[in-house]
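Visitor: sequence below, structure please.
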Amino acid sequence: MRKLILALVLTTAVCLALAAVAAADPGNVQVSGQSATTAQQAGAASGAAQIDPSNTNISIRVLSPGDDGDVSQTNTAASSATAGNMAGTTQTADQSSGGSGIQTSQQQAGTDQLALALSAAAQAGATNDNLPVRVLSEGDDGSVTQSNTAGSQATSGNASGTTQTSSQDQAGASCGCSGATPASGIQTANQSAGTKQDAGALSTATQVHPSNTNVSIRVLSPGGDGDVTQSNNVGSTATSGNSASTGQTSTQGQSGASCGCNGSGSGIQTAKQSAGTVQDAGAVSTATQDHPSNTAVSVRVLSPGEGGSVNQSNNAGSSASAGNTATTGQGTTQQGSAGNGIQIGDQSAGTGQSAVALSGAAQIHPANTAGSTRVLSPGDDGSVSQANNVGSTATSGNSATTSQSSTQSQAGAGCGCSEPIWSDNTRTSTTPATSPSTSPGPAIQVAGQQAGTVQTSIAGSSADQIGASNDASPVRVWSHGDDGDVTQSNTAGSSATAGNTAATTQTVDQAAAGRSCGCGNAIQVAGQKAGTLQGALAFSGAVQQFGHDRPECGCGSSSGGSGNTASPVRVWSPGSDGDVTQSNNVGSTATAGNNAGTTQTASQHADGSAIQVLGQQAETGQAAFAASLAAQFGASNDASPVRVGSYGGGGSVSQQNNAGSAAASGNDATTAQTGSQTAGWTRCGCSTGTIQVLGQQVDVAQLAKAVSAAFQIAPRNGFAPGRVWSKGGGGDTTQSNNASSLGSSGNRAGTAGEAMQES
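Guide: The predicted structure is shown next:
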């Protein structure tokens, strides 16, 4: 079939050349040329550094009753870099001629874009200190808010919008009879759009030894403590993306002569559209938090009063996103009224996309400490919330939408020979009374569509949490009152997503009307080819490790990663314990997927006898790989309340250690091919028979792999309440250790082919 198509194309080219040479009078000549070349580069770099920032507030009261005001302390380091290019190209050509002539239009747009953004933020040794001291000074303390924040953001992007429109119109001659041979109309349109885009974004944020300290000391100073909120935050974001939107429209119209008997000239219409897009996007983001700490200590001696709520958190987050979008729309409309014209349409769209996103977040030895000490100081303690969180997200994706539409139509000639007479106007009639005096040439329609898409998407994410600890251990001596609820959590999470989407739609519609008389045949050739190649890789890892080694000073017992500890102590201090919730969580998710939807539709219709050749080919290759790992080492939860001569109820205790990993990989290739060929008959009997050739081919290759692993080593939950001369009920206890892994891999190829031939 391919050899037949090649022979027909070569024959068409020869006919085109002969027609050009045979034109005795070219008529009007119109030539239009448009060219636009754009080259853009953008670079941005930003840096912010903050070293040893410090905020200190010391309030001392001696025999000075009164209330303290609110305290807010903040250290912030922020950096942002943005680089971008925008190229908008619009080309419009409009040609109109009254008679036969030559119209040539050429449009070319070339765009080259490069954008790079770099951002870095560093914060070292940031401290906030608030130290209220009261001696024989009753009164309430105000709320305290302390925070250290480091943030970096880098954004890089390119946008290129290209629109090309070509319109050519020729009106037929008023007459051309009596042996005259009017010149053929020749219309040639060529549209070319090439876009190349590169975008890179890099962001990093580092926070070293940030600390928040709030120490409240009361001696013979009744009063309430205010709420305490302490946080250390570091965040980094990198975003890189390209967008290329290409629209090409070519319209060609020729009107036939009002009369054109005895061999009138035929019209020649040639339209070519080419769109090439190359996109590369890369984004890298890292966030590091080293030894962040929050400390809230309340000491009361002979100072009754209520304790405020304590909220402590250390957060490290990183996010990287890279993506490309290429939308290509090509539309060709060719319309002729000569009856035996030559129409050639050629559409080509090539898209290459590559996206890489890498994200990493690390949190080293984060610590939260809330210690309340009461001596002969009755009162209730507030709730305590402690959290250490580290999260990383990487997202990479490509989207290529290609739409190709080619419409070719030729109307039948109104006159052109001595019209034969049929006895009953049916194909099975007897021999006509007169034979045709001329044999006009056949209508030739050739349409070719090709779409090639290559996509690569890679996403990698990692989250590490080392030596996280939360400690809430209030102490009461001769101080009746209730303890507040305690919530402690250490969380590490990582997510990586990589995906490609390629939607290709090809439509060809060829129609040649029969003549009221004559023996011309129609030749219709249509070829459609769509090739899609996709690769997606996603890697995600989350690690949570609790060390039990010696502290940095080299003395003391195990430290630097005790997990969660809630051990209230009561000595001759009646009251109830609050609920305790402790959890250590690590989770990782990796998802990789490809989606290729190809739709090919071709319709050929000829009223008379015809040669119809139709070929459809769709090739799809997909590979997806996803790997996920979640590991938890030495997770520990400890709740050990101790009571001596202290009646009261124990609160509920919930302890959990969770490790979860999930990897999902999948491919989806849906191909639909529809071919329709119809050949009718004319009123005069010159048929040489009808030849119909239709071929459809679909090739799909898919590979999907998913690997998931979850490790949980030596998780521990401990609950050991001790009571001495302390009556009271114990609360509910829930303890669990959970490790789960899920790997999912799948391929889906749906192929639908429909061929219809009628003659």
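Visitor: what's the residue most central in space within the chain in contact with, if anything?
Guide: For the chain, the residue lying nearest the average C-alpha position, counting by Cα atoms, centre = their mean, turns out to be residue 397 (4.1 Å). By Cβ atoms under 8 Å, 6 or more residues apart in numbering, the contact list for residue 397 reads 322-324, 355, 457, 497-501. C-beta coordinates here come from the backbone N, C-alpha and C atoms, glycine included.
Visitor: go with 6 Å
Guide: 323, 457, 499 (Cβ atoms under 6 Å, 6 or more residues apart in numbering).
Visitor: specify the beta-bridge partners of the last one.
Guide: For residue 499, the residues forming beta bridges with it (DSSP bridges) are residue 397, residue 593.
Visitor: can you turn the buried part of the contacts of residue 397 into a PyMOL selection?
Guide: To isolate the buried members of these in PyMOL, using 16 or more other Cβ atoms under 10 Å:
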select buried, resi 323+457+499
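Visitor: closest one to residue 580 out of the contacts of residue 397, please.
Guide: residue 499 (42.1 Å; Cβ to Cβ).
Visitor: low-confidence regions, the stretch 1-150 of the chain specifically.
Guide: Of all residues in the stretch 1-150 of the chain, those with pLDDT under 70 make up the ranges 1-26, 99.
Visitor: can you check the stretch 151-300 of the chain too?
Guide: Within the stretch 151-300 of the chain, the ranges that satisfy pLDDT under 70 run 172-184, 256-266.
Visitor: ok so, going back, can you lay out the contacts of residue 397 as CSV showing pLDDT and distance to residue 273?
Guide: As requested, the contacts of residue 397 are exported to CSV (pLDDT from 0 to 100; distance: Cβ to Cβ, whole Å):
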residue, pLDDT, distance to residue 273
323, 96, 26
457, 96, 28
499, 96, 29
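Visitor: can you map out the helices along this protein?
Guide: Under the criterion DSSP state H, helices of the chain are mapped to 2-22.
Visitor: quick one on the thing from earlier: export the contacts of residue 397 to TSV and tack on distance to residue 374?
Guide: Shown next, in TSV, are those (distance: Cβ to Cβ, whole Å):
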residue	distance to residue 374
323	56
457	58
499	57
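Visitor: any idea which of the contacts of residue 397 is the one closest to residue 56?
Guide: Once Cβ to Cβ is applied, the member of these that ends up nearest residue 56 is residue 323, at 45.8 Å.
Visitor: ok, the closest one to residue 87 distance?
Guide: The gap separating residue 323 from residue 87 is 19 Å, by Cβ to Cβ, to the nearest Å.
Visitor: go on, residue 507?
Guide: From residue 507 across to residue 87, the span is 29 Å (Cβ to Cβ).
Visitor: what's opposite residue 662 in the beta bridge?
Guide: residue 589, residue 742.
Visitor: low-confidence ranges, the stretch 651-759 of the chain, go.
Guide: Applying pLDDT under 70 to the stretch 651-759 of the chain flags residues 681-688.
Visitor: how does it look with 90?
Guide: Counting by pLDDT under 90, the stretch 651-759 of the chain has low-confidence residues at 677, 679-693, 726, 730, 749-759.
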